[in-house]
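Asker: dropping the sequence and predicted coords here.
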Amino acid sequence: MTLLILPSKFMRRTPFQILAIIVTHLSCTNSATENLPEAGVATDVGKRDAGFAPDANAAGDANLADSGVPALDEALSALASAHCKNLEKCRPYSFGWIYHNDFHECLAQYSAFVDLNPAWILPSSALGLTSLSESGYVRCIESLADCSYDHITGFQCNTIFVGAASENGPCYVDFECAPTLYCELSSFDSCGVCRPTAATNEECGDRRCHSSAVCLPVAAGTACKEGAALLGEHCGVERGCISSLFCVDGECAARETMEGAECDESFNGQCDPYHFLECVDGRCSRTGSIQSIGQPCDAKAQCSIDQVCDGVCRMPPSVGMPCERGLCSDGYCNREYVCAPFTERGGSCSEDRESCSPGLFCSEESSSAKCQPFEWSECR
């Protein structure tokens, strides 16, 4: 379950599109991010569900209440909180850039996405289409407690739920499919079919990779490759480390997160860029920050994701104003690069599929296309 969430105006994007936005921003604004595994990771942006398919080892666990694992609704809240605490502790750059260092804003955004959204998971669970795994829940919570969580594949949190649907069975989201399967969809507003995930080195152009792998371009097209390496694991050109680590002498090691720590400038990424650190004259030095509205900004002192920098941080233009940078404060940037009002629920989006208000999507590519909400639907 890969969850990196943007403010509400980005809610109609899938989490993998969000990852691509964040990756692009980081790779373009901080030279110390060159060793981060996010750069160059090909992501699947066409799926409604936020995560890769579950591991084969996942299994549903009975009597969760007796084991100390909270009830499902409480577990969803605990998971959202754990994700935000992880970002605040391990990726303060992302936490400030996306959530303005506001824990409650982060919590609200995480709870709204499919993988942790009670409005999707609770009715599916009530019908026996998915269940909470005790071992999967504990594994996820434990990995989020430190900085070993892999924000690209999210494989440590891919076994929280176990679906009941077998291969070729009906589904609406990934967590309704059995382990090693994912929900293949033809559109956002129709039922899908559970399909097998691709194994390591198998082609992945038209299907999902297994839990800890990512789909990457290769000479013959695309193939599933093992995700980022963990602490102590082998790393190199073909396999980087998770974002809290860096690759040195072919092995993943922890980044320095303390300002003033000794560092070797020949080891790019030794000082953690997610803590605004860079190796300068043999010491990890703070070289960046997230600025507030009205404060000076540049390549190092950056504005939050929903702001623009014109020498100082300011809010984006409003409806009726030009939006060359693609951001608007109270609408969306249309094809003429002018801020226009969002189209609300039930409104036509046939002329511009990007016009739907946050939380809505354009139902189909036709003259009758309308903006409608992402809502869970039973598939039998």
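Answerer: That came through fine.

Asker: OK, contacts around M315?
Answerer: Residues near M315 by CB atoms under 8 Å, 6 or more residues apart in numbering: I293, D306, Q307, V308, S329. Using the backbone N, CA and C atoms, a C-beta is placed for each residue, glycine as well.

Asker: mind running it again at 7 Å?
Answerer: Residues near M315 by CB atoms under 7 Å, 6 or more residues apart in numbering: I293, Q307, S329.

Asker: give me the number of residues near the last one?
Answerer: Right, the one you point to is S329. As a burial measure, S329 scores 17 neighbours (other CB atoms under 10 Å).

Asker: hang on, isn't it packed against P316?
Answerer: Yes: using CB atoms under 7 Å, S329 is in contact with P316, at 4.7 Å.

Asker: return the residue of the protein that is most distant from the centre.
Answerer: D281 (34.5 Å; CA atoms, centre = their mean).

Asker: quick one, phi/psi of that one?
Answerer: When read as degrees, to the nearest 10, the backbone of D281 gives phi 50, psi 40.

Asker: how far away is it from A301?
Answerer: Between D281 and A301 the distance is 21 Å, computed by CB to CB, to the nearest Å.

Asker: just the pLDDT for the residue farthest from the centre of the chain.
Answerer: Turning to D281, the model gives it a pLDDT of 94.

Asker: for C271, see how far away it is.
Answerer: For D281 relative to C271 (CB to CB), the value is 12 Å.

Asker: quick one: residues contacting the closest residue to C215 other than its chain neighbours.
Answerer: Closest residue to C215 apart from its sequence neighbours, by CB to CB, 6 or more residues apart in numbering: C204 at 4.0 Å. By CB under 7 Å, 6+ apart, the contact set of C204 is A198, C215, T222, A223, C224.

Asker: show me where the protein dips below the pLDDT cut-off.
Answerer: Within the chain, the ranges that satisfy pLDDT under 70 run 1-68, 188-189, 365.

Asker: switch to 50 and redo it
Answerer: For the chain, residues meeting the criterion pLDDT under 50 lie at 1-66.

Asker: pull the residues that contact the longest helix along it.
Answerer: Among the segments of the chain that qualify as a helix by DSSP state H, the longest is helix 72-90. Helix 72-90 is contacted from outside by 3, 69-70, 94-95, 103, 106-107, 110-111, 116, 118, 121-122, 125, 132, 137, 140-141, 144, 147, 149, 244, 274, using CB under 7 Å, 6+ apart.

Asker: and the angle for whichever helix or strand comes after it with helix 72-90?
Answerer: From helix 72-90 onward toward the C-terminus, using DSSP states H and E, the following helix or strand is helix 92-99. Angle, helix 92-99 to helix 72-90, by axes from the mean of the first three to the mean of the last three CA atoms, to 10 degrees: 120 degrees.

Asker: could you shift the numbering so residue one becomes 59, and keep it that way?
Answerer: Understood, numbering begins at 59; the last thing we discussed is helix 150-157.

Asker: quick check: next helix or strand after helix 150-157?
Answerer: As assigned by DSSP H and E, the chain's next helix or strand after helix 150-157 is helix 161-170.

Asker: please save the CA atoms from that following helix in PDB.
Answerer: The C-alpha coordinates for helix 161-170 follow below in PDB (Å, rounded to 0.1, in the frame of the first residue of the first chain):
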ATOM      1  CA  PHE A 161      -0.500  16.300  11.400                       C
ATOM      2  CA  HIS A 162      -4.300  16.600  11.200                       C
ATOM      3  CA  GLU A 163      -4.200  17.600   7.600                       C
ATOM      4  CA  CYS A 164      -2.100  14.600   6.900                       C
ATOM      5  CA  LEU A 165      -4.400  12.300   8.800                       C
ATOM      6  CA  ALA A 166      -7.500  13.600   6.900                       C
ATOM      7  CA  GLN A 167      -5.800  13.000   3.500                       C
ATOM      8  CA  TYR A 168      -4.600   9.500   4.300                       C
ATOM      9  CA  SER A 169      -8.000   8.500   5.700                       C
ATOM     10  CA  ALA A 170      -9.700   9.600   2.500                       C
END
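
Asker: buried sites along it?
Answerer: Using 16 or more other CB atoms under 10 Å as the burial criterion, the residues of helix 161-170 that qualify are E163, C164, L165, A166, Q167, Y168, S169, A170.

Asker: biggest separation within the contacts of C262, which pair?
Answerer: A256 and T280 (9.3 Å; CB to CB).

Asker: who has more neighbours, those two?
Answerer: Neighbour comparison, A256 and T280: the larger count goes to A256, with 22 against 17 (by other CB under 10 Å).

Asker: contact partners for that one?
Answerer: C262, R265, R266, C267, H268, C282.

Asker: which one of the residues you listed is nearest V220?
Answerer: Of these, the one sitting nearest to V220 (CB to CB) turns out to be H268, at 15.5 Å.

Asker: which residue packs closest to that closest one, ignoring adjacent ones?
Answerer: Closest to H268 by CB to CB, 6+ apart is T255, at 4.5 Å.

Asker: so how far is S224 from the one you found?
Answerer: In terms of CB to CB, T255 sits 14 Å off from S224.

Asker: more neighbours: which of those two?
Answerer: For T255 versus S224, neighbours defined as other CB under 10 Å are more numerous around T255 (24 against 10).

Asker: distance of the more buried one from A287?
Answerer: Noted for T255: a distance of 20 Å to A287, by CB to CB.

Asker: also I179?
Answerer: Distance, I179 to A287, using CB to CB: 31 Å.
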